[in-house]
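Colleague: sharing a sequence plus its predicted fold:
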Amino acid sequence: RYVYRADYADGGFLVNELIPALKEAGCVAEGSWDAEIVPALAPQPGDYVIDKNRFSAFYGTRLEPFLRSLGVRTLIVGGVTTNMCVETTVRDASQRDYRVYVVRQATGEVDPARHAGALTTMGFGFAYVVDLDPMLEALRQLTGVAAV
């Protein structure tokens, strides 16, 4: 989950210099509506939520030690925005030698050209870019669960 402290003390260069409008508008601050996980994706018992305040889910978070402790070596990635958070996380994961799959229909970006460019870049050197249905079928075969 992308979230800043309410006072944005953890906002860094992005919030303080590049896009100060994020702070001015109160975007993704603790307790704000847009920092909350949408009900359809609400964590279930046994799920984990890793908070981040940078585009990469690896930077300054507990994600990597958590994944390693579970023996995870393959990641299936989706999210927004494709060319910022998704691509930065995928690049970081790839550099750490995770096998990464990006689900095309589980990513999004306002600008279709940036979305397409990010998918192309990730598919060129950082991940397998795959479609949703084959990924669901592969997961079903691995887990024996009809809907994942």
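Modeller: Sure, I can see it.

Colleague: please enumerate the strands of this structure.
Modeller: Counting by DSSP state E, the chain has these strands, from start to end: 74-80, 99-108, 128-130.

Colleague: now those strands in JSON lines, with mean pLDDT, distance to Q44 and mean neighbour count?
Modeller: Where you see a C-beta, it was placed from the backbone N, CA and C, and this is true even at glycine. Shown next, in JSON lines, are these (pLDDT from 0 to 100; distance: least, CB to CB, whole Å; neighbours: other CB atoms under 10 Å):
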{"stretch": "strand 74-80", "mean pLDDT": "96", "distance to Q44": "17", "mean neighbour count": "17"}
{"stretch": "strand 99-108", "mean pLDDT": "97", "distance to Q44": "18", "mean neighbour count": "18"}
{"stretch": "strand 128-130", "mean pLDDT": "97", "distance to Q44": "24", "mean neighbour count": "17"}
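
Colleague: possible to save the ones you listed as a markdown table with distance to A116?
Modeller: What follows is the strands of the chain, written out as a markdown table (distance: least, CB to CB, whole Å):
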| stretch | distance to A116 |
| --- | --- |
| strand 74-80 | 15 |
| strand 99-108 | 10 |
| strand 128-130 | 11 |
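
Colleague: residue contacts, the nearest residue to L119 once chain neighbours are set aside?
Modeller: Excluding the flanking residues, the one nearest L119 by CB to CB, 6 or more residues apart in numbering is V129, at 5.2 Å. For V129, the contacting residues are Y101, V102, R104, L119, M122, G123, by CB atoms under 8 Å, 6 or more residues apart in numbering.

Colleague: likewise G60?
Modeller: So G60 contacts K52, N53, R54 (CB under 8 Å, 6+ apart).

Colleague: what distance do you get for it to Y48?
Modeller: Going from G60 to Y48 by CB to CB, to the nearest Å gives 17 Å.

Colleague: E36 now?
Modeller: From E36 across to Y48, the span is 17 Å (CB to CB).

Colleague: same check on A29?
Modeller: 22 Å.

Colleague: now for the contacts of V129: which two are most distant?
Modeller: Y101 and L119 (12.2 Å; CB to CB).

Colleague: what residues sit buried inside the least confident helix or strand in the chain by mean pLDDT?
Modeller: Within the chain, no helix or strand scores below helix 132-143, which has a mean of 91 by mean pLDDT, DSSP states H and E. By neighbour count on 16 or more other CB atoms under 10 Å, the buried set for helix 132-143 is M135.
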